[in-house]
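K.L.:
Sharing a model prediction with you, sequence too.
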Amino acid sequence: MTEMMCSWFKDLSRHDVPLAGGKGANLGDMARAGLPIPPGFVICAPAYREAVHRSGIHHRINELLERLDRHDLNQLREVEPRIRSLFHRLPLSAELCRLVAEHYRALGDNVPVAVRSSATAEDLAGASFAGQQETFLNVAGEEALLDAICHCWSSLFTSQAIFYRHQRGFSDAQVSMAVAVQRMIDSTKSGVTFTADPVLKNRYYMIVEAVWGLGEGIASGAITPDHYRIDRETYEVVQEYIPEKPIMFCKDGRGGVAQLPVPPDKATARVLTAEELRRLVDLGNQIERHFGSPQDIEWGIDEGQVYLLQSRPITSL
């Protein structure tokens, strides 16, 4: 399995982080457990390594990083676009293109997908690379998918990721990039669940945050979400904050996402029903038991069905 280029989620487990990265390995583990995961697959880390060595860009990457003072913010900002531009129109092997197309077509006919970076040192206990690599939503078509994969690979070299690896003692050569490809859920509601309160470090309460539309609003910080603190055993909402949410993010018909106004009757309304909160608490308890530690879970609701998009350990407890 060490040189596998593509793998379905169901064929991966939490032990496959070196192959599938943190996101990919955890998605595989949840798929195996029968949790409600949108179907998908992973372009595995060996595909990244093969592409950068086959093209020779690893030599230029190493040259740029060797001269870099990782404590100099200006140098970090300058080196990021120089390295990432090396991945633009990166030539991919015919075999990798065939495998990606084969897996993608099995999901449907030009079906929209979410394409998520999954670094091989990501989401490990004691280290969180969350937010440092990129996700591309509503990607449709084989050419657009291959382009998104290369962009995900290049996001291994954001200035934040380069600095964080250095700070946490990871060498650049130690980390590779896998890419998780998931059928896109057209969420009417999205959010995150922390199965323990990460601020108060209280494991008796879960924190749920929610917005209308896609979860990009929370991930980008563009929207202040509803905030619920819930007793994980009794389902009692012990605290809630319902701010105005004037915008939401939705699938764009041309690909990607679009920012739209929230209908006036929803802008100040509570996003989640009592039954949806109860379902999210039940899933949070189930996932925490499955992984054996408190989790940070991303989810979306489409036509009343809750889908789990990813889960990672809470590293701040």
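P.N.:
Cool, got the structure.
K.L.:
Only C-alpha atoms from now on, for both contacts and neighbour counts.
P.N.:
Noted.
K.L.:
pLDDT at M1, what is it?
P.N.:
For M1, the pLDDT comes out at 38.
K.L.:
hang on, isn't A25 packed against V17?
P.N.:
Yes. The criterion here is CA atoms under 8 Å, and A25 meets it with V17 at 5.3 Å.
K.L.:
So the two - more neighbours on which side?
P.N.:
A25 (29 against 24; other CA atoms under 10 Å).
K.L.:
Keeping just the C-alphas, turn whichever helix or strand R289 is part of into PDB.
P.N.:
Element membership for R289 (DSSP states H and E) is helix 274-291. Output in PDB follows, covering the C-alpha atoms of helix 274-291 (Å, rounded to 0.1, in the frame of the first residue of the first chain):
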ATOM      1  CA  ALA A 274     -33.700  21.200  18.700                       C
ATOM      2  CA  GLU A 275     -33.800  17.900  16.800                       C
ATOM      3  CA  GLU A 276     -30.800  18.800  14.600                       C
ATOM      4  CA  LEU A 277     -28.800  19.800  17.700                       C
ATOM      5  CA  ARG A 278     -29.700  16.500  19.300                       C
ATOM      6  CA  ARG A 279     -28.500  14.600  16.200                       C
ATOM      7  CA  LEU A 280     -25.300  16.600  16.200                       C
ATOM      8  CA  VAL A 281     -24.600  15.800  19.900                       C
ATOM      9  CA  ASP A 282     -25.300  12.100  19.300                       C
ATOM     10  CA  LEU A 283     -22.900  12.100  16.300                       C
ATOM     11  CA  GLY A 284     -20.300  14.000  18.400                       C
ATOM     12  CA  ASN A 285     -20.500  11.400  21.200                       C
ATOM     13  CA  GLN A 286     -20.200   8.600  18.600                       C
ATOM     14  CA  ILE A 287     -17.200  10.100  16.900                       C
ATOM     15  CA  GLU A 288     -15.400  10.900  20.100                       C
ATOM     16  CA  ARG A 289     -15.900   7.300  21.300                       C
ATOM     17  CA  HIS A 290     -14.700   6.000  17.900                       C
ATOM     18  CA  PHE A 291     -11.500   8.000  17.900                       C
END
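K.L.:
For that helix, buried residues please.
P.N.:
Neighbour counts over helix 274-291 (16 or more other CA atoms under 10 Å) mark L277, R278, L280, V281, L283, G284, N285, I287, E288, F291 as buried.
K.L.:
Can you lay out the residues you listed as a markdown table showing pLDDT?
P.N.:
Output for the buried residues of helix 274-291, formatted as a markdown table (pLDDT from 0 to 100):
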| residue | pLDDT |
| --- | --- |
| L277 | 97 |
| R278 | 97 |
| L280 | 97 |
| V281 | 97 |
| L283 | 97 |
| G284 | 96 |
| N285 | 96 |
| I287 | 96 |
| E288 | 96 |
| F291 | 94 |
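K.L.:
Show me the shaky parts of the stretch 1-150 of the chain.
P.N.:
1-3, 122-132 (pLDDT under 70).
K.L.:
At which residues are the strands of the stretch 51-200 of the chain located?
P.N.:
Secondary structure of the stretch 51-200 of the chain by DSSP state E, counting those that start in this stretch: the strands cover 113-119, 135-139, 177-183, 189-194.
K.L.:
Select, out of those strands, the one closest to L12.
P.N.:
Of all these, strand 177-183 sits nearest to L12, with 11.6 Å by CA to CA.
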